[in-house]
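*Asks:* sequence first, then the predicted structure:
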Amino acid sequence: MKDTLLVIIAASAVNVAPAQWTVLNTGIEETLYGVHFVDENTGWAVGEMGTIIKTTDGGVSWEDQESGTLERLSSVHFVDSERGTAVGTGSAVVRTTDGGETWSVQVMPTVWALSTVHFFDADTGYIVGDFNTIYKTTDAGATWVQQLGMQGGFLTAVQFTGPDTGFAVGELGTILKTTDGGAVWNTMPTISTTWLWDVRFTDPNTGYILSVADVFYKTTDGGTTWAALSNGMPEEQSLFAMEWTGTNVGHAVGNGGSILRTVDAGGTWERLPNEFDGGNLTFFDVHFPTEEVGYVVGEFGHVLRNLNAGVNGLNDGQTPVPLGLHPVPVVDEGPVTLSHDLHDASEVVVSDESGSIVLSVRANAVSHSLDVMDLSNGAYTVEVRSAGGFRRGRMLIQR
């Protein structure tokens, strides 16, 4: 679908505000456990029963891809728009070299569950899972060599801060570290007796570990010592994944519809409003292909997206006021002019009568035109959203 936006540039104000997360229609009900985008529009999500779905328009539409397995896929990582790997239960490892048009099943020497796949660069990647299993590839996932295994425990996440230095975390507070590209993994002093779900570094010295016991841990000395941080969540809730888009800005997701954000390097955390906040839905993964564009995946095929998470966040708490549209109705192929007074507009969303998003574009202007040539006849809701408020109008196409 074409989503051309003609924009008259205007100055915008920097404003850190609660960020709005838009629910995308994936067309599936299988729980999604992993998500990865190669740019703000093109990405994949994986989940139950070997589910793999792909979008090339920022989540407006999704296509099912045949993975070749019925195992639960828990993690996916693409090194470019063509080459990607997904892993899951039963030692499932599936790989594509054509953007997911075809996926090949790779035979691994174990039948254990694999939890995470992480690539440090286009060629070098790692997989971790049950029995403290660690695999390494140096050819973009074409072949994998087992580095560790049969040691008990379950590893949940892995990340490398450089070609040689990496960390893996998991069950019972396990922290492993290598300084030689995985040839040797050393057990580090534990910081918790609970599950450690995720590990992320923003530079070689500064890193974070996420505990299931709703606690973040931070290091500033390359993992030698870790200090507990408070995230402001109720104790009965858990977090499962996090993502950092710079030195100071990070997001984390979990159960109860939890999406958290910090803008001060973990010093304080705020809950971001979304349709499921405080409910029973669990989010399992979050990925930001850019500093401002982010995606969250979870139960029952749910995918949420934010188009301006770093600054100029969208405020859910404000009441929409009428949005001017011209012409109405739309009777030809020309663009629709949107009139509003939002100097920091950041998202334009068009939804059909069922509530499904059919067009979504980013905007940073006071006035602009929207290309709706590819939309069918019918009634649509158009929203322009910003940190200062949002405008809503009705558009009728009768060609």
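*Replies:* Noted; the coordinates are in hand.

*Asks:* what about the residue nearest in space to the middle of the chain, distance to Trp21?
*Replies:* Central residue of the chain (C-alpha atoms, centre = their mean): His287, 2.4 Å from the mean position. Counting by C-beta to C-beta, to the nearest Å, the gap from His287 to Trp21 is 13 Å. Bear in mind the C-beta positions are built from the backbone N, C-alpha and C, glycine included.

*Asks:* again with Phe390
*Replies:* Remark: distance between Phe390 and Trp21 (C-beta to C-beta) = 14 Å.

*Asks:* over to Val158?
*Replies:* In this structure, Val158 lies at 27 Å from Trp21, with C-beta to C-beta as the measure.

*Asks:* what do you get for Gly355?
*Replies:* On the measure of C-beta to C-beta, Gly355 and Trp21 end up 15 Å apart.

*Asks:* one step back: ok, what's across the strand from the residue lying closest to the residue nearest to the centre of the chain once chain neighbours are set aside?
*Replies:* Nearest non-adjacent residue to His287, counting by C-beta to C-beta, 6 or more residues apart in numbering: Val35, 4.9 Å away. Partner residues in beta bridges with Val35: Ala45, with DSSP bridges as the criterion.

*Asks:* thinking again about what came up before, more neighbours: which of Gly355 and Trp21?
*Replies:* Trp21 (26 against 9; other C-beta atoms under 10 Å).

*Asks:* local confidence estimate at Thr220?
*Replies:* Note on Thr220: pLDDT of 95.

*Asks:* meant to ask about His340, not that
*Replies:* Here, the pLDDT recorded for His340 equals 74.

*Asks:* over to the one 3 residues further on?
*Replies:* What the model reports for His343 is a pLDDT of 65.

*Asks:* sorry, back to before: who are the contact partners of the residue nearest to His287?
*Replies:* For Val35, the contacting residues are Gly43, Trp44, Ala45, Val46, Val76, Asp285, Val286, His287, Tyr295, Val296, Val297, Val303, taking C-beta atoms under 8 Å, 6 or more residues apart in numbering as the criterion.

*Asks:* how close does it sit to Val350?
*Replies:* Here the criterion is C-beta to C-beta. By it, Val35 lies 23 Å from Val350.

*Asks:* got it, and Glu275?
*Replies:* Looking at Glu275 against Val350, where the rule is C-beta to C-beta, the gap reads 18 Å.

*Asks:* quick one, which of these two is more surrounded?
*Replies:* The neighbour comparison of Glu275 against Val350 (other C-beta under 10 Å) goes to Val350, with 20 against 14.

*Asks:* hmm, that one is touching Leu370, no?
*Replies:* Yes - applying C-beta atoms under 8 Å, one finds Val350 in contact with Leu370, separated by 7.5 Å.

*Asks:* skip the chain neighbours and tell me the closest residue to Ser360.
*Replies:* Residue nearest to Ser360 in three dimensions, not counting chain neighbours: Val349, with 5.1 Å by C-beta to C-beta, 6+ apart.

*Asks:* no, scratch that, I was asking about Arg391
*Replies:* Closest residue to Arg391 apart from its sequence neighbours, by C-beta to C-beta, 6+ apart: Leu323 at 3.6 Å.

*Asks:* contacting residues for the one you found?
*Replies:* Residues in contact with Leu323 (C-beta under 8 Å, 6+ apart) are Leu338, Ser339, His340, Val382, Glu383, Val384, Arg391, Arg392, Gly393.

*Asks:* and if you look at Thr42?
*Replies:* For Thr42, the set of contacting residues under the criterion of C-beta under 8 Å, 6+ apart consists of Lys54, Thr55, Thr56, Ser81.

*Asks:* which parts of stretch 288-307 are buried?
*Replies:* Counting neighbours by 16 or more other C-beta atoms under 10 Å, one finds that the buried residues in stretch 288-307 are 288-289, 292-299, 301-307.

*Asks:* now the end-to-end length of that stretch.
*Replies:* For stretch 288-307, the separation between the terminal residues is 10 Å (C-alpha to C-alpha, to the nearest Å).

*Asks:* next one: stretch 45-58
*Replies:* For stretch 45-58, the separation between the terminal residues is 12 Å (C-alpha to C-alpha).

*Asks:* which of the residues in that stretch are buried?
*Replies:* Of the residues in stretch 45-58, those buried by neighbour count under the rule 16+ other C-beta under 10 Å are Ala45, Val46, Gly47, Glu48, Gly50, Thr51, Ile52, Ile53, Lys54, Thr55, Thr56, Gly58.

*Asks:* since that was my last question, I'll sign off now.
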